[in-house]
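Asks: coords below, sequence missing:
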Ligand code: ADP
Ligand code: ASP
Ligand code: MG
C-alpha cells in the first residue's frame with residue numbers, strides 16, 4: 001500500500017520556544033515513520049508582530065524603539081538556537097540568524113533615514129523573515145536529531161499574484177513548483193520543512209498571504225501536492241464551541257464542515273485562517289485541527305460531510321473590534337444606485353463587509369465592518385459621494401466604532417425553528433441591546449452587533465444557551481499561557 005502524504009502545519013505557539021520545537025520534531029519524526037510528511041511552519045509566537053512593530057518604529061524615525069525591537073528579535077532566536085543545537089551546529093545557526101537580522105536591520109536603517117513610508121513589497125519581504133528562520137531552525141533540528149529533513153523557502157514553492165499583504169495563490173505554477181521542489185525531497189524519504197505565510201510573485205518578489213496565513217500555506221501545498229490530509233497543529237484541542245479564552249467551558253467539536261469552518265474563521269475564530277478551507281474543500285481532502293501540546297487527542301476533522309452536533313448551533317464566535325457605518329438618503333431619492341456604487345468600490349478595494357442591513361424602504365444602509373477598515377471606508381464614502389453629500393441627497397454619515405459582532409453558526413440551524421428567539425432571549429436576559437442583525441441566506445449563521453464592551457458577555461450567554469451541555473466528553477485543554485478562570489477577551 002502506498003504511504004499517505006500528510007501536510008503538517010505548526011502554528012506560532014507550537015514553535016514558541018526550544019521545548020516546543022523538540023515536541024514538534026517528535027510529532028514529525030513519529031509520523032514520518034509511516035507517512036510521507038511535508039511540514040509548514042509559522043514564525044515563533046509574537047515574532048511577526050515584533051517585525052511589524054520594528055518597521056513601524058523605523059518609519060516613525062524612532063531609533064531607540066527600533067533598536068529595542070530588533071534586539072528582542074535577535075535574542076528570541078539566539079536563545080532558541082543556543083538551547084536547541086549542539087556546539088558544532090550552533091555557529092551555523094547563529095550565522096543564519098545574523099544573516100536574517102542583517103536584512104531586517106538594513107531595511108529599517110534605510111526606512112528611518114528616508115523617513116518614508118514602506119512599500120507593501122518591502123513590508124512583505126520583512127514580514128516573511130520570522131517564518132524563514134523558524135523553518136530553517138526546525139529543519140536543522142530534525143537533521144541533528146537523526147531525521148532526514150530539508151529547509152524549503154516559501155518563495156520556491158508558493159506562487160502568488162502581486163497583491164502584497166494579502167496575496168492569492170496561482171495554483172498551476174504552485175503545483176509545478178511543488179513537483180520540482182518538494183517531490184524530490186519526499187522521494188529521498190526526507191521531510192521538506194517549508195516556511196509558512198509567504199510565497200513569491202512572477203518576478204520572484206516575496207508576498208504574504210495575510211495575517212495568520214500559514215494555515216493557508218498548508219492547504220495550498222496540500223492541494224498542490226494532492227495530499228491525503230492536512231493537519232494543523234495549534235494550542236487548543238481542535239475547533240471548539242467557542243473561543244476558550246472567552247468561554248472556558250467550551251468543548252471540542254469532533255467534526256465541522258468546510259462551510260462552517262469558513263464562516264467561523266470569517267467571524268473571528270482565529271483557530272483557522274478564513275481562506276484555508278478553500279483549497280481543501282476544492283481538492284476534497286480533510287483538514288484536522290490538533291493540539292501540539294496534547295498530540296494524543298483526536299482533534300477536529302473539517303470535511304465536506306460533517307456529522308451534526310447535539311445542538312443545531314455548533315459554535316459561537318465574535319469579531320471583538322468592529323464598526324457600524326450608517327448611511328441615510330433623503331426620502332425622495334431611490335438609493336439602490338448609490339448602494340450599488342458603494343458595494344462595487346468596496347469589492348474593488350477588497351474591503352470585507354461583516355454584514356449589511358437595509359431598512360425599508362431602503363433609505364438607510366448599515367455597514368458592519370472590521371474596525372481597522374472603518375476609516376478607509378469613511379474616506380471612500382466621502383470620495384464616491386462628494387456631490388450627494390454636498391447636495392444633502394446623502395445625510396452626514398454616522399459611525400459607531402465601539403461594537404462587537406457575535407456570530408452563531410451551524411449547518412443544522414437551517415430549518416430549525418426558534419433559534420433566533422432563543423439567541424435574542426439569551427441576550428435580552430442580560431439587558432444588553434442588539435444594534436443590528438443579519439441572518440445569511442444560507443441559514444448557516446446569524447450575526448448581530450452589540451456594544452464592544454458587552455461582546456464577551458453575549459458570547460458566553462449565547463454559548464450557555466446552546467452549547468451548555470458538552471458536545472463530546474473531552475476536557476478542553478486551554479493554551480498553556482492561559483488560565484482557565486480568566487474568560488477575558
Ligand atoms: P496558531 O498560532 O497555532 O496559528 P492561533 O492563535 O492563530 O494559533 O489560533 C488558535 C487560537 O484560536 C486558540 O488559542 C483560541 O484562543 C482561538 N480560538 C478562537 N475561537 C476558537 C474556536 N471556536 N475554537 C478553537 N479555538 C478558537
Ligand atoms: N506569522 C504569521 C502571523 O503571525 C502567519 C501565521 O502565524 O500563520 O500572522
Ligand atoms: Mg493561526
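Replies: Yep, it's here. Quick caveat, the model's predicted, so the values are computed rather than measured. Ligands and ions are numbered 1, 2, ... in the order given.
Asks: From residue 363, how far out is the residue of the chain most remote from its centre?
Replies: Relative to the mean C-alpha coordinate of the chain, counting by CA atoms, centre = their mean, the farthest residue is residue 332 (43.9 Å). Distance from residue 332 to residue 363, counting by CB to CB, to the nearest Å: 10 Å. (Each C-beta comes from the backbone N, C-alpha and C, glycine too.)
Asks: what sits against the residue in the stretch 251-400 of the chain that ligand 2 sits nearest to?
Replies: For the stretch 251-400 of the chain and ligand 2, the shortest gap (CB to the nearest ligand atom) falls at residue 273, measuring 6.8 Å. Counting by CB atoms under 8 Å, 6 or more residues apart in numbering, residue 273 touches 209, 210, 212, 213, 214, 215, 216, 265.
Asks: Neighbour count, secondary structure and pLDDT for those - can I get that in TSV?
Replies: Listed next are those as TSV, based on neighbours: other CB atoms under 10 Å; DSSP: H, G, I helix; E, B strand; the rest coil; pLDDT from 0 to 100:
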residue	neighbour count	secondary structure	pLDDT
209	29	coil	98
210	15	coil	96
212	21	coil	97
213	28	coil	98
214	29	helix	98
215	29	helix	98
216	28	helix	98
265	21	helix	95
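Asks: Next, residue 163: secondary structure please.
Replies: coil (DSSP: H, G, I helix; E, B strand; the rest coil).
Asks: what's the answer for residue 182, then?
Replies: Here residue 182 is recorded as helix under three-state DSSP.
Asks: In contact with the nearest residue to it once chain neighbours are set aside, which residues are there?
Replies: Leaving aside its chain neighbours, residue 182 sits nearest to residue 192 (4.9 Å; criterion: CB to CB, 6 or more residues apart in numbering). Going by CB under 8 Å, 6+ apart, residue 192 touches 38, 39, 149, 150, 152, 181, 182, 185, 186.
Asks: Make sure residue 192 is indeed in a strand.
Replies: Yes - under three-state DSSP, residue 192 falls within a strand.
Asks: pLDDT at it, what is it?
Replies: At residue 192, the pLDDT value in this model is 98.
Asks: Give the bridge partners for it, please.
Replies: residue 150 (DSSP bridges).
Asks: How much space separates it from ligand 2?
Replies: Per CB to the nearest ligand atom, to the nearest Å, residue 192 is found 18 Å from ligand 2.
Asks: before we move on, what about residue 98?
Replies: Residue 98 is 21 Å from ligand 2, by CB to the nearest ligand atom.
Asks: quick check, that residue in a helix?
Replies: Yes - if the criterion is three-state DSSP, then residue 98 is within a helix.
Asks: Just want the residue of the stretch 51-200 of the chain that's nearest ligand 1.
Replies: Residue nearest to ligand 1 within the stretch 51-200 of the chain (CB to the nearest ligand atom): residue 196, separated by 9.1 Å.
Asks: Give me the number of neighbouring residues for residue 376.
Replies: 13 (other CB atoms under 10 Å).
Asks: in which helix or strand would I find it?
Replies: helix 371-384 (DSSP states H and E).
Asks: For that helix, list every residue counted as buried.
Replies: Buried residues in helix 371-384, defined by neighbour count with 16 or more other CB atoms under 10 Å: 371, 373, 374, 377, 378, 380, 381, 384.
Asks: Write out the residues of this protein neighbouring ligand 1.
Replies: Within the chain, the positions lying close to ligand 1 (CB under 6 Å from any ligand atom) are 11-14, 42, 212, 234-236, 239-240, 242-245, 269-271, 315, 317, 479.
Asks: when you check ligand 3, which of the residues you listed turn up near it?
Replies: Checking the residues of the chain next to ligand 1 against ligand 3 by CB under 5 Å from the ion, the ones in range are 11, 212.
Asks: give me the element the closest residue to residue 297 other than its chain neighbours is part of.
Replies: Ranked by CB to CB, 6+ apart and with sequence neighbours excluded, the top spatial neighbour of residue 297 is residue 237, at 5.0 Å. Counting by DSSP H and E, there is no helix or strand that carries residue 237.
Asks: Please report how far residue 237 lies from ligand 2.
Replies: For residue 237, the distance to ligand 2 - CB to the nearest ligand atom - is 19 Å.
Asks: Can you report how many residues lie near that residue?
Replies: By other CB under 10 Å, neighbour count at residue 237 equals 26.
Asks: if we can go back for a sec, pull up the per-residue confidence for the residue of the stretch 251-400 of the chain closest to ligand 2.
Replies: Residue 273 is given a pLDDT of 95.
Asks: For the stretch 101-250 of the chain, which residue gets nearest to ligand 3?
Replies: Nearest residue of the stretch 101-250 of the chain to ligand 3, counting by CB to the ion: residue 212, 4.1 Å away.
Asks: contacting residues for the closest residue in space to residue 467 that isn't next to it in sequence?
Replies: Once flanking residues are discounted, residue 467 sits nearest to residue 241: 3.9 Å by CB to CB, 6+ apart. Contacts for residue 241 (CB under 8 Å, 6+ apart) come out as 247, 250, 251, 253, 314, 315, 316, 463, 467, 471.
Asks: now, among these, which is nearest to ligand 1?
Replies: residue 315 (5.2 Å).
Asks: Excluding covalently adjacent residues, which one is nearest to that closest one?
Replies: Nearest one to residue 315, counting by CB to CB, 6+ apart, is residue 241 at 5.3 Å.
Asks: got the contact list for stretch 82-89?
Replies: Against stretch 82-89 from outside (CB under 8 Å, 6+ apart): 17, 18, 21, 22, 90, 93, 137, 140, 141, 144.
Asks: Format these as CSV; extra columns: secondary structure.
Replies: CSV is the format used below for these (three-state DSSP):
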residue, secondary structure
17, coil
18, helix
21, helix
22, helix
90, helix
93, helix
137, helix
140, helix
141, helix
144, helix
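Asks: shouldn't residue 58 be in contact with residue 105?
Replies: No - taking contacts as CB atoms under 8 Å, residue 58 lies outside contact range of residue 105: 9.5 Å.
Asks: tell me which parts of the stretch 1-150 of the chain are close to ligand 3?
Replies: residue 11.
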